[in-house]
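Visitor: whatever this is, show me its structure:
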Amino acid sequence: MALPLKSRSIILALVGLSWVSLGVSQVGQQTPAPTANEQPTILATESSPGSINGTILDQSGATVAGARVKLTGKDPSLNLEATSGANGEFFFPSVPPGAFQLTITSSGFGPKTFSGSLQPGEIETLPQITVAVADTLTEVDVGATQAEVAEEQVKVEEKQRILGAIPNFYVSYVPDAVPLTSKQKFKLAFRTMVDPFTFGIAAAVAAIEQGQNHFAEYGQGAQGYGKRFGASYADGTTGTLLAGAVFPSLLKQDPRYFYKGTGSKTSRALYAIANSVVCKGDNRRWQVSYSNILGNLAAGGISNLYYPEQDRNGAGLTFENAAIGIGATAIGNLFQEFFIRKLTPHASKPAGTP
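Guide: Next up is the predicted model:
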């Protein structure tokens with residue numbers, strides 16, 4: 001979701017256990033070599049059970065608690081279940097040796113399978129298992145509510161940062177993501193508003209304006225800089241709050257950009273541009289993005305309250321800012337469609353894309 005700003009620059013992620021021969025020999029004694037009729041003691045027979053443990057993570061690297069892990073094998077009688085703990089770990093003791101398969105399911109995530117083979121008496125520590133956010137509702141545990149699924153998807157979006165620094169929260173790389181609740185829309189907006197990068201952008205813009213003596217009525221010095229910083233920060237946060245939370249909640253629209261990623265370059269470009277004036281509704285149907293349009297108009301109108309009188313232009317400034325906001329959204333969407341996903345380390349991978 002692009003933010004409405006005045007005409008200026010916008011600056012855009014066990015220990016492996018091994019058996020160690022203790023080699024403990026008794027002091028002052030020697031272990032006699034086995035005679036021809038004696039055989040060495042065998043520590044594990046072919047039927048000795050082992051154990052399996054592992055850790056479940058999501059795509060951001062966070063542990064997944066409460067995931068159900070089902071263990072099956074060639075023998076139909078092998079049918080065990082475990083639940084991952086708060087640290088994402090699960091454990092199966094006393095597992096018969098042989099081939100096995102794990103099936104992991106968790107609310108908000110697609111199912112994951114893992115196959116392996118357990119040797120007699122082996123303590124098997126599996127590599128970390130990563131589960132992906134479900135692409136569609138049909139892949140989600142039927143026991144999970146839409147709000148729960150949306151919450152898991154939002155957690156992934158909140159970790160999306162361009163070059164690991166610039167927030168990229170308002171983009172969904174899951175084409176059929178679950179609609180957000182009003183509470184989640186406001187949460188995402190506030191998360192953006194208080195992000196350190198948001199403050200950094202406002203500070204940089206205020207410094208440029210002070211250096212060029214824009215809005216001269218603000219004056220110079222610390223007081224002038226403070227006024228410019230406040231106006232710059234208000235521009236961005238007002239737009240985020242109105243176009244990203246207030247109007248989307250009232251009009252039941254989704255404020256996010258849904259990455260396309262497939263089709264010809266022309267179709268993707270047209271899709272990106274069109275998304276500056278259209279959006280998905282909470283009913284998952286495409287519709288006019290009244291939230292973005294009204295949000296930009298309202299933010300432009302509010303800006304007349306805190307900019308110097310000589311820099312206000314009434315309705316003209318309001319519509320000018322709205323047009324700038326919509327144009328910036330179209331440009332931002334084009335960058336999202338063709339460049340930004342490659343620069344976002346924790347971007348989730350939609351099905352069917354490279």
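
Visitor: do you know the pLDDT at Thr35?
Guide: With respect to pLDDT, Thr35 scores 46.

Visitor: also Gly261?
Guide: For Gly261, the model assigns a pLDDT of 86.

Visitor: check Arg285 too.
Guide: Model confidence at Arg285, given as pLDDT, is 90.

Visitor: and Ala86, by the same measure?
Guide: pLDDT for Ala86: 80.

Visitor: who's in contact with Thr237?
Guide: Thr237 makes contact with 193, 198, according to C-beta atoms under 8 Å, 6 or more residues apart in numbering. Every C-beta, even on glycine, is put in place using the N, C-alpha and C of the backbone.

Visitor: run through the stretch 51-200 of the chain and note the low-pLDDT ranges.
Guide: In the predicted model, the stretch 51-200 of the chain carries pLDDT under 70 at residues 135-144.

Visitor: now do the helices in it.
Guide: Under the criterion DSSP state H, counting those that start in this stretch, the stretch 51-200 of the chain contains helices at 146-157, 182-193, 196-211.

Visitor: would you turn those into CSV with mean neighbour count and distance to Tyr170?
Guide: Shown next, in CSV, are those (neighbours: other C-beta atoms under 10 Å; distance: least, C-beta to C-beta, whole Å):
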stretch, mean neighbour count, distance to Tyr170
helix 146-157, 19, 8
helix 182-193, 18, 7
helix 196-211, 17, 13
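
Visitor: quick one, which of the ones you listed gets closest to Tyr259.
Guide: Of all these, helix 146-157 sits nearest to Tyr259, with 11.3 Å by C-beta to C-beta.

Visitor: which residue is nearest the middle of the chain?
Guide: Taking C-alpha atoms, centre = their mean, the centroid of the chain lies closest to Val156, which sits 1.7 Å from it.

Visitor: from what I can see it touches Ser60, true?
Guide: Yes. Counting by C-beta atoms under 8 Å, Ser60 is a contact partner of Val156 at 5.9 Å.

Visitor: list the residues that contact the closest residue to Phe100 other than its chain neighbours.
Guide: Nearest residue to Phe100 in three dimensions, chain neighbours excluded: Gly73, at 4.6 Å (C-beta to C-beta, 6 or more residues apart in numbering). Each residue near Gly73 by C-beta under 8 Å, 6+ apart is listed here: 96, 98-101.

Visitor: switch the cut-off to 7 Å
Guide: 96, 98-100 (C-beta atoms under 7 Å, 6 or more residues apart in numbering).

Visitor: could you check how far it is from Gln101?
Guide: Gly73 sits 7 Å away from Gln101, going by C-beta to C-beta, to the nearest Å.
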